Each structure stands twice: as C-alpha cells, then as structure tokens.
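J.: Sequence and predicted model, in that order:
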Amino acid sequence: MSEQPKVGVYVCHCGLNIASSVDCEKVAKEIANLPDVVVSKDYRYMCADPGQEMIKEDIKQRGLNRIVVASCSPRMHEPTFRKCVESAGLNPFLYEMANIRELCSWCHPHTPEAATEKSIDLVKMAVAKARYLYPLETIKVPVTKSALVIGGGVAGIHTALDMADMGFRVYLVERSPSIGGKMAQLDKTFPTLDCSICILGPKMVDVARHPNIELLAYSEVKKVEGYIGNFKVTVARKPRYVIEKDCNGCGECSKVCPVEVPNEFDENLGLRKAIYIPFPQAVPMKFTIDRNACIDCYNCIEACKEQGRDAINLSMEEQILELDIGTIVVACGYDLFDASKVKAYGFGLHDNVFTALELERMINASGPTQGNVIRFSDGRTPKSVAIVTCVGSRDEKTNIWCSGFCCMYTLKNALLLKEHHPDMKIHVLFMDLRAPFKGYEEFYLRAREEGIIFLRGRPTEISEDPATKNLLVSMENLSTGEPMDLETEMVVLSPAAVPTAGAEDLGRILTVSRDASGFFMEAHPKLRPIDAATDGIFFCGSAQGPKDIPYSVSQGSAAASRAGRIMARGEWEIEPIVAFVDTQKCRNTKVKCGVCTTKCPYGAITVEEKKAATVNTAKCHGCGTCAADCPSNAITQRHFSDAQIIAQIDAALEDRPEQKILGFLCNWCSYGAADLAGISRFEYPPNIRVVRVMCSGRVDRDFVLEAFKKGAGMVMVSGCRFGDCHYISGNYNAEKRIKPLFSMLPRFGISAERLRLEWFSAAEAGFYTNLVKEMDKTLKSLGPDRIRAENEKAKPFLEKLLAQSGG
Amino acid sequence: MSYISHARGEILKRDAKDRTLLERRVLVKMYEMELDRVKCIGCGLCSDNCPKEAIQYTEAEFLGMKALSRPSIDFEARKCVLCGECVSICPMHALSMRVDNEDKVPVVELNVFAAAIKKRW
C-alpha cells in the first residue's frame, strides 16, 4: 500500500469486564507510542453508540485509515465494528480486532499486571497486522431459494411448513419411514393433556400436501458440499420395496404377511408385519418392507395385484438424489438414554421395569395394549407404580446435563395413570422437580392435589421379588434422612435425552461442531442460538439440546425465519478472505507444479501446463492451505497474508520472547475453545499470545520457524479434531506440514517439546486451559536461559532456511 | 437372576438337554418355538429352506466308518423371524411352535409357502 497507515486504536473497558483486570488506560498510552498510531484511546463501551460515534468522528476528523478495537472476541463484535467503520466511509476490511476480553481479562482475573502486559501485546499484534491491511471488496454470491430440513420431528415439520409458506422450496429429509418423530409416539402432551397425535397429525398431513415441500422420508443425507446459498446435497433414498406413487396405503399386503417382528415405534412392546406402516397416522401413508424380516413369500405382491395395483418391487435399489440447496436446517432431534446402562435399576432384567416412552405407548389407546397399562410378568394392571426421574441425567457416571423436560413428562405420566386408574398408588421419586415455564408449576400442583406421592431421593437399587415379580426400590428419603424400601408393582424410569445416534456422522457431513455433550453447538449461546458456526446452516429443536414441544416449535419457526432471511435476499455477501495467485511468482509457469490443486479441499484451484494457477473465487472457502503449501509463496490469502501474520508474530515476540507461548489457533475449533475458556472464566497462565487463522491448514512452516527465530519460548499449532475440520482436510494438511518439524528442530538445537501440535474442538475449553498450563510448565522447566541458548544456536540455521523459502 | 438381561422384543434362546427353545415375548404376544432333539434326525430340510438362513446345520462326525454323532441343527436367534417355515416343513415333527400358548404356525395360518418351497413342491 502506498498510502501511509494512520491507525486509530480504541481500548474498550467493557464496563468492568475488561477493566477489572486490565489497566485499559495504560494499554492505550503504551500503544500510542507505536509507529503509525495516530489515535489511541480507552472508553467504557466501544460497542455502544457513543463508542462507535467516536470512531466515526476520528476517521473523519483525523483521517484515520486503519482501525483497531481492543475489546471482545472477533466472533462476537467484528461485524458490528466493520459496519461502523464502513459507515464512516472506510473499507470494512481495514478494521482489525484485538480480543482482550475472552482471551485475556476473563482468564487472568488474579494477575492484573500480567493481564495488562498481555493486552498490550495483543493490541500491538493487531496494530502490526492493521498496518498491512488493504481494502477488500465483499463477494456477492447468488442464493438458491430452496432449503433442506434434516429430520421430520415436530421442529423439522414446523420449520419446513414455515419456509414453504414463505414461498421457498423445501426438501424435508427423514430417515425413518414416517415423519412425526418422538412426538408422534406420545400419548398426551403436558401441561394441557391434549392428545399428541391429534395436534401433530394435521401438521404432518399439511407437510405431505404442501406444494412447496418435497417429503423425502426413509432417506438420509450422505454428502454436503458447497457454501451458503450454494450447497450441493446428496440424499440417499433407502429402498422401501414399495413404489411410493403406486401405494395407496390400503394395507391389504400387511394382512397377508406371515412375519411379525417387534415394532420400534411401539418401543418393541408390540408387533408389526414385515410389510408395515409404523403407526396408523403415518405420513407418507406408504408401506415399507423390512427386508431383514421378509421371507420372500410374495404374498404381499399377490394381495396388491388383487387390489388392481402393482406397487411392490422387491428388487428396488437405493436411489441417489442431488439437490441444489440454499440453506440447511438441522432438526435431527434426540434419542432417549438407554436405561439398561444404569445396571442398578434393572431395566431389561426385571420384568416390570419400564421406560417412560414404553408407558406412553402402553397408555396410548392405539398402542399395543389398546391403552391398558399392564405388567410384563402377568399381564395384570399394577396397583402401585413408582416413577424414577433423572435416569441417565444429572449423574456424573452417565450424563451430567439436566434434560429439562423429564420432570414434566414424569408428572404427565403420573397424572395419566391416575386418570386411568384412580385407585392406583403412584410414587414419584425425584431429586429436584423443575417446572419453570408457563402453566408447568400449576401442573405440578395439580399432580399433588390428585394424590400423587412425591418422595425426594435417588434410588440406589431396584430389586425384584422372584415370587411376585414386585419391585423393591431402595433409596434414601432425603426429607427424613432415613433409608427406605418401597415395594411397588411396577417401576417406570424417566430417561434423559441424549444426542441422536446419527448426530456424529451428520456433524461430520455438515462440518459443524458438537459440544461436549454431543449436541450440536450454536454460533453463540445467547445471541445466535439457532445458527451454526457455518453460514447458512441452522439448528432447531433437540438437535441443539433437549427441548420440549413448545420450545422445539418456536425454534423451528425461528430457524425458518433465519434461513428465510438469507433466501429472501436472493444473494448473500461472503467474506472476501479468499486466495489469489501472484502470476509472476507461480512456479507452474516454468516447471510442472500444481501442489496447490492437490491441497485445495474444494477443487477451487485449476492448473494448466505452463500457466499460472488460477483460483475460482466462488469455490474458495478461504482456509489458506494452498497459501501455506505453495512452494514459491505465490499464493496469498486475503486478510490472512504472510506479511500480516508475520507482522503479528514479530509484534507478539518483541519483548522477552523466551517467556512466551505463541499459539496459532484455527477460527472454528481452537479459537472457539479459547473463547469458551474465557466465557467459562477458566484461569490459565497469561504468557500465551494468540494468532487467529481461519484453519490450521493456513499455518505455514515458516511461521513456526519465524517464531523460533524471534526467540519464542514455545509454539503451538492447533486445529479441529480429525474429521471435524471446517475445511474438510485442512488439519490433515497442517499435520503433514508441521510434523516433520519435530525431527527437524532438534537438529538446529531446539528441543522438540517446545513445539506442540494439538487438536481439540470448540467445546473443549477445559482441554485448552490444561494445555496452556502444561505448556507453561514445560517452559518453566526448560528455563529462560536454556531457551535463549537454544535460540541463539538455531538462529543462523533458521535465518538461512527462511531466506531460502522467502525467495 | 432368572434370565439374562435383554432388549425388549429380542428372541431368547434356551438350551435344555433334549430340546432347544426360542422365545420372544412382547407385552401382548408370546411366540415360542421348540426343537425336540430326540425326534430330530438331522435331515437338514429346515436348514435348506429357512428363508433367513437362521438354522445352522452340523454334519455327523465320523471316526473311520463309525459315526460319533448324529447330524444336528441349531438356531441363530438373531436372524430368526419366527415365521414357522421350518416347523411346517419338518418331516419328523421335531419342531413345534406356539403363539400365546396355542399351537400355531404363522406360515400355515396364512396359507403361505415361501418362494423356495413353492418352487420345490
């Protein structure tokens, strides 16, 4: 850039969030001494209107052309300040952010001096990068006006209907033969006790009838490529062996089928035929043949022909669909915790221990027992029932989270039992009863009034009387403090909600991360609870965490509006952080190279013989792997250029480098974890300095060498766990590139343990915290003298190496 | 404990001295199938015709010309769907089947003979 940079720096107090441990005034003063810094101020709330006005005013009055705000994480307020800068007439990419809240003040509350020193370094790094910033034009991409909804439960149904009503084409993919999800299995819903399928059924029919919805039941998403507005989705339609358009759901085939197997929909308490619909209100009302159960008797084919149809095709094969999709909504729901994992409760061992969903099927008039609650051992209606809550939740041995809605469905089940059998003695054994939403507490009081007995305590064991098959529940009654045994004729366990079985694979297919519990992780827990970190992907319902029906429905509608917001525009701006090739430097003009094409995870780079490589900007996702791997440094990633990153490294290591850890953190996982560590107020040593890159694949070997040349105590390169990379294979490339350094560095005299290559997800804040502590320990055990000596010895080698690759 | 822990609806297999019992209990229905090992001569017809290939056939063991054991069959409970085809085909009446304690064979009830048998007869 020919113009002289005029940098304006603004240090935010964030009330006391930053100012309580960082001396913001001192930071601003120190920064003012840096070259090219024209303005350096501190202010209480930079993101508030007066703060933003101050920046705008200074841009106009003082002619600032680079802005640095030191405040929170760029994942939080970068868009805010970019807009602010833009409205003052400056290119939004001339703005850089220093994260001194999540990465500093929140993590070092007890060491204000070190926190201030770290903040100064972080701002210095931002200023150093800012001096090398140049204007970029945002890229506009067209948006396909169609949405993919994954999962046809109550959340998925509502999001699909809302988007279809907005006028967008919706593909609703459901892996089981019918939509409806868990809600279709329920008998009644709390707190109003209205019939579940009666209120869901009409919605399911609406989905089937809606001209804008294409229902792809019995299908699975296999592959997702592309980016916001332009996803290419591969859906596999599993063979039903019944031709959907020819089947009218008459059910004659099922009548003549000789094979009966347990019905998953009835929690295996009832039976279905090998050719079946899971429940009478299924949508689509099309039969499916379970080939694992079918004995090839062809009775169904004959029965179908007798009806004048020919809908059965036993040689049907999986069909692959390719869809063009603008936005994706994930509504894959949850699974119930497998109660047999809590061995002490004897589910699967004792006849008369049931789960809540089993009770739900039993008590349902169209369920396997036509609404009769009966014991497994003798088919008799029990005179007493004990319901145990928190099975597999709020327990360190299984899952620590509270699933939220179990208390309420426990109350519902208790009330339903009481309604059907007024003389039944019903005990609810609970740890805490949580009934926080509208009408829920009233529902609890109603249960008490109806004569349901509530006992506080967690059962330690449930044993069976071999003669009567009655159950003996041993527990400590926490109200009296006495141990007690409760004899009951039936036990119903209320299991926790856990991530659905396919969530892991789905997360991988979509490259979106999941949190420590396995549920999908939202972009921001408060302000973007619907959005995935990946643009154009949204979550709703229990995919993101356990939710009851009204919450799932409102999230379904919320996801529809979030997705609709993108599709309605017809085009979307994406960040111009793409790669470009310096045609002068590209080696391919002279010799056959093409390294970049092999490294690009998206096939965005094409190389023709004797010509410089070209980047297809629309295809480039901006991971920067090509830039790091280019042997002649001909590729630059915009906004993360070599010059910018090296400026950051140099700034971070200006003062006492041997005591510092330099971390390269990928935006999606490791930086997310570092942010989360701050939000969770985890404390760790303040000597780490963080360089944010989009992907660990961007980390050039030269960056590590440069850091050691500058005398860094330790260097860490980190990214997402394998298989979770936001850019498909960026972390694999990083590993391939960085690993050889472990054997190379000792040859120059640098101990291998001073380099760390680590993979962790955005949820693993604890891992990150421990990692920094561990590295600090290594650093201290080596001692600054030894590190200085090592660096001194290695310096000539590193300089030589860097000079070579720099050319 | 009286029996091993199992998932709902799974088929339980119990071996006694002369008989093998397959049992599948769901809340509202019970299927039982029994093999009388005394009556069974190990002809292998059931094994050949089982549509789910759920019956394993073990050949007789010989030491020279002397037979050490009869040929025998065994069930693979995981694969069985309790259709009763083996029961209907057994020439020795070694297999029997009960649905809710009543002698009943689903394939016979519904007058079905699966493709393989249809071809054969």
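T.: Alright, I've got the coordinates.
J.: Can you report how many residues lie near residue 113?
T.: Picked chain A for this. 13 (other CB atoms under 10 Å in any protein chain shown). Every C-beta, even on glycine, is put in place using the N, C-alpha and C of the backbone.
J.: my bad, the chain I had in mind was chain B
T.: Residues near B:Phe113, counting by other CB under 10 Å: 20.
J.: One more: A:Leu506?
T.: 23.
J.: you'd agree it is up against A:Ile150?
T.: Yes: between A:Leu506 and A:Ile150 there is a contact at 6.8 Å, judged by CB atoms under 8 Å.
J.: Need the residues touching each of those two.
T.: Common neighbours of A:Leu506 and A:Ile150 (criterion: CB atoms under 8 Å, 6 or more residues apart in numbering or on different chains): A:Val221, A:Val330, A:Cys332.
J.: contacting residues around the residue lying closest to B:Pro51 once chain neighbours are set aside?
T.: Spatial nearest neighbour of B:Pro51, excluding adjacent residues (CB to CB, 6 or more residues apart in numbering or on different chains): A:Ile295 at 3.6 Å. A:Ile295 makes contact with A:Pro258, A:Val259, A:Ala274, B:Pro51, B:Lys52, B:Val81, B:Cys83, B:Glu85, B:Val107, B:Ala114, according to CB under 8 Å, 6+ apart.
J.: Now do the fifth one against A:Glu264, distance only.
T.: Using CB to CB, to the nearest Å, B:Lys52 is found at 19 Å from A:Glu264.
J.: So for these two, which residue has more residues nearby?
T.: The neighbour comparison of B:Lys52 against A:Glu264 (other CB under 10 Å) goes to B:Lys52, with 19 against 14.
J.: rewinding a little: most neighbours of all the shared contacts of A:Leu506 and A:Ile150, which one?
T.: Ranked by the number of neighbours (other CB under 10 Å), the shared contacts of A:Leu506 and A:Ile150 place A:Cys332 first, at 31 neighbours.
J.: Can you flag which of the shared contacts of A:Leu506 and A:Ile150 belong to strands?
T.: Applying DSSP state E to these, the entries found in strands are A:Val221, A:Val330.
J.: From the shared contacts of A:Leu506 and A:Ile150, pick the one nearest chain B.
T.: Taking CB to the nearest CB as the measure, chain B sits nearest to A:Cys332 out of the shared contacts of A:Leu506 and A:Ile150, at 22.8 Å.
J.: Is that closest one in contact with A:Gly152, as I believe?
T.: No: using CB under 8 Å, A:Cys332 is not in contact with A:Gly152; the gap is 9.7 Å.
J.: Just want the residue of chain B that's nearest chain A.
T.: B:Gly9 (2.9 Å).
J.: Identify the residues contacting that residue.
T.: So B:Gly9 contacts A:Val261, A:Pro262, A:Asn268, A:Leu269, B:Arg24, B:Val26 (CB under 8 Å, 6+ apart).
J.: What strand or helix carries the first one?
T.: It stands for A:Val261. strand A:260-262 (DSSP states H and E).
J.: now that strand: mean pLDDT?
T.: Here strand A:260-262 scores 94 as its mean pLDDT.
J.: thinking again about what came up before, okay, the shared contacts of A:Leu506 and A:Ile150 in JSON lines with distance to chain B and pLDDT next?
T.: What follows is the shared contacts of A:Leu506 and A:Ile150, written out as JSON lines (distance: CB to the nearest CB, whole Å; pLDDT from 0 to 100):
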{"residue": "A:Val221", "distance to chain B": "28", "pLDDT": "97"}
{"residue": "A:Val330", "distance to chain B": "28", "pLDDT": "97"}
{"residue": "A:Cys332", "distance to chain B": "23", "pLDDT": "96"}
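J.: Chain B: helices as residue ranges?
T.: For chain B, the helices defined by DSSP state H cover B:45-49, B:85-89, B:106-109, B:115-120.
J.: isn't there a strand covering the residue nearest to B:Pro51?
T.: No: using DSSP: H, G, I helix; E, B strand; the rest coil, the assignment for A:Ile295 is coil, not a strand.
J.: What about it? Give its phi and psi, please.
T.: In terms of degrees, to the nearest 10, the main-chain angles of A:Ile295 are phi -110, psi 20.
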